[in-house]
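> this one's structure only:
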C-alpha cells in the first residue's frame, strides 16, 4: 500500500520546467494514479499484473507531497465507502541518492523508490523486492 498513492504541477514552458527543483516539481500539485504494475520474474515464470485502480471511487484519490516533507494519500470526491477516512495513509518523504530516489515513511514502514520520471506533469517511480528465487518489480505512474 506504500505505493498507493503521489502529486505534480502545470508548467507552460520547457525552460520553466528545467528551472524548477525536484522538490518544486513534487510538491506543486496533487498526483492522481494512472498506472500500477507488478512484474514478477522467477526461475520458470515472468508475469506482469496490472493493479491500476479501475473503480471511480479510487481513480480520483490523490497523493500530496508537502514542502514540510510530509505526504498523504487521500480519498477524492468519490469514496468507495462513505465511512472511509479521508486520509488513507500519511507520513514523511525525502529525496535520497542525489534526488534519484524517493523515500516514503508511514508508521514503521519505509519504502525507497527509484525516480524514473519527475517533471511538470508526470511522476514515475519503482522498486524491486526479492523473495526466494523471485524478483518483483513494482512500477507506479502519477499525473495531474
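Yep, it's here. Please read these numbers as outputs of a predicted model, since none were measured by experiment. Residues are numbered from 1 along each chain as shown.
> isn't residue 23 right up against residue 94?
No. Contact criterion Cβ atoms under 8 Å: residue 23 and residue 94 do not qualify, at 10.0 Å. C-beta: built from backbone N, CA, C; applies to glycine.
> so what's the nearest residue to residue 56 once chain neighbours are set aside up against?
Closest residue to residue 56 apart from its sequence neighbours, by Cβ to Cβ, 6 or more residues apart in numbering: residue 78 at 5.5 Å. Contact partners of residue 78, counting by Cβ atoms under 8 Å, 6 or more residues apart in numbering, are 56, 57, 60.
> pLDDT value on residue 78, please?
At residue 78, the predicted lDDT confidence score is 91.
> List phi and psi for it.
For residue 78, the backbone dihedrals are phi -110, psi 120 (criterion: degrees, to the nearest 10).
> separation between it and residue 51?
To residue 51, residue 78 is 19 Å away according to Cβ to Cβ, to the nearest Å.
> again, but for residue 76
18 Å.
> where does this protein dip in pLDDT?
By pLDDT under 70, the low-scoring segments of the chain are 1-18.
> Where do the strands of it begin and end?
Along the chain, the segments classed as strands by DSSP state E run 31-41, 46-50, 62-65, 70-74, 87-96, 101-106, 109-118, 122-131, 134-143.
> and the angle for the longest one with strand 46-50?
It refers to strand 31-41. With axes from the mean of the first three to the mean of the last three Cα atoms, to 10 degrees defining the directions, strand 31-41 sits at 160 degrees from strand 46-50.
> Same check on the fifth one?
Here strand 87-96 runs at an angle of 130 degrees relative to strand 46-50 (the same axes, to 10 degrees).
> So which residues make contact with strand 87-96?
For strand 87-96, contacts defined as Cβ under 8 Å, 6+ apart pick out 1-2, 4-5, 22-23, 26, 61, 65, 69-75, 101-107, 112.
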